[in-house]
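[1] Sharing a model prediction with you, sequence too.
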Amino acid sequence: MAVSDAAEPIIRVRGLKNMFGDQIVHEDLDLDVRAGEILGVVGGSGTGKSVLMRSIIGLQTPVEGDITVFGEEMIGRDEEHAKHIRRRWGVLFQGAALFSTLTVAENIQVPIREYYPGLSDTLLDEIAAYKIAMSGLFADAGSKYPAELSGGMKKRAGIARALALDPELLFLDEPTAGLDPIGAAGFDQLIGELRDSLGLTVFLITHDLDTLYAICDRVAVLADRKVIAVGTIPELLALDHPWIQEYFKGPRGRAAAAISEREKAGT
Ligand SMILES: Nc1ncnc2c1ncn2[C@@H]1O[C@H](COP(=O)(O)OP(=O)(O)OP(=O)(O)O)[C@@H](O)[C@H]1O
């Protein structure tokens, strides 16, 4: 893993403000995501984790603030230039958000067709097969429709589509939600392996404490409309914010920490 804190961050958010009607979701929110890291983003339900991700990827226009990705200012950028930047990231939305009327292979080919309209069907099929293998799906998954896949397989198909354009950055919104513990652990392992082998930077929204312990280099905590803390789990444990203490030191947090300790000890 090659996490760099000295270089310019891959994602830099400053003074972000988001509102829906009278409801202020974010105010004065700052966040850096470093090159090569897996950053876990946690926070209670409705604290604005998904809205933060949507702001960064350009699906939500903030009321105030600056967002740069790969050193490029994202807000107010013209569509043609934004498209070139978007090409450098992949997104796995909650529930995978696959097109239900397309096969897995066709889903993976959607972004490729958008950016490279001239590619032959043979080449598109080869690329889809490669992404399917990278995502740990069985070889004939390409011909299946999403409804024919288990929840875990759907998420892997979503990852395959997110990897379609060889991204440098992945956004994952609750990737292990709804998976059984074994499926979730396998998915964590996949994300870690992809980061290591492809040199990805990963922005990962999760409620899953096991995921935080297993693969996240740092964790950003959303509360009170902003990122109240960001650091390694030991760094966060040293803070006395009530939500952080409850989250990491409540029964589930203690269980996840114990599993992580056992795995490190190899027992
Ligand atoms: N398009 C929208 N219109 C109005 N309100 C919205 C919209 N999108 C999000 N919100 C509100 O913004 C707040 C933050 O939502 P968001 O989905 O980002 O929370 P979250 O932290 O991801 O929650 P969860 O962990 O439950 O997924 C919520 O109160 C939500 O109702």
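    That came through fine.
[2] Which residues of the chain lie near the ligand?
    F20, V25, G43, S45, G46, T47, G48, K49, S50, V51 (CB under 6 Å from any ligand atom). All C-beta spots, glycine's among them, are computed from the backbone N, C-alpha and C.
[3] can you pull out the helices in the chain?
    49-56, 79-86, 104-115, 121-134, 151-162, 181-198, 209-215, 233-237, 242-249, 251-265 (DSSP state H).
[4] coming back round to it: and the residues of the chain next to the ligand as a markdown table, adding pLDDT and neighbour count?
    Formatted as a markdown table, the residues of the chain next to the ligand follow (pLDDT from 0 to 100; neighbours: other CB atoms under 10 Å):
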| residue | pLDDT | neighbour count |
| --- | --- | --- |
| F20 | 95 | 10 |
| V25 | 96 | 22 |
| G43 | 93 | 20 |
| S45 | 90 | 6 |
| G46 | 91 | 11 |
| T47 | 93 | 21 |
| G48 | 95 | 24 |
| K49 | 95 | 20 |
| S50 | 95 | 18 |
| V51 | 96 | 20 |
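[5] Between the residues you listed, which sits nearest L102?
    Sorting these by distance to L102 puts S50 at the head of the list, at 23.9 Å, by CB to CB.
[6] And that closest one, how close does it get to D208?
    Separation of S50 from D208 (CB to CB, to the nearest Å) stands at 15 Å.
[7] Pairing-wise in the sheet, spell out the partners of the residue lying closest to G65 once chain neighbours are set aside.
    In space, and not counting its chain neighbours, G65 is closest to L16: 3.6 Å by CB to CB, 6 or more residues apart in numbering. For L16, the beta-bridge assignment (DSSP bridges) gives partners L29.
[8] Might one say that L16 is in contact with L52?
    Yes: using CB atoms under 8 Å, L16 makes contact with L52 at a distance of 7.4 Å.
[9] what's the overlap in contacts for the two?
    Contact criterion CB atoms under 8 Å, 6 or more residues apart in numbering; residues shared by L16 and L52: H26, L29, L31.
[10] which one among those gets closest to the ligand?
    Minimum distance to the ligand across the shared contacts of L16 and L52 is 8.7 Å, recorded for H26 (CB to the nearest ligand atom).
[11] for the spatially closest residue to the closest one that is not a sequence neighbour, what are its contacts?
    Counting by CB to CB, 6+ apart, N18 is the residue found nearest to H26 once chain neighbours are left out, at 4.4 Å. Contact analysis of N18 by CB under 8 Å, 6+ apart lists I24, V25, H26, G48, V51, L52, S55, Q60, P62, V63.
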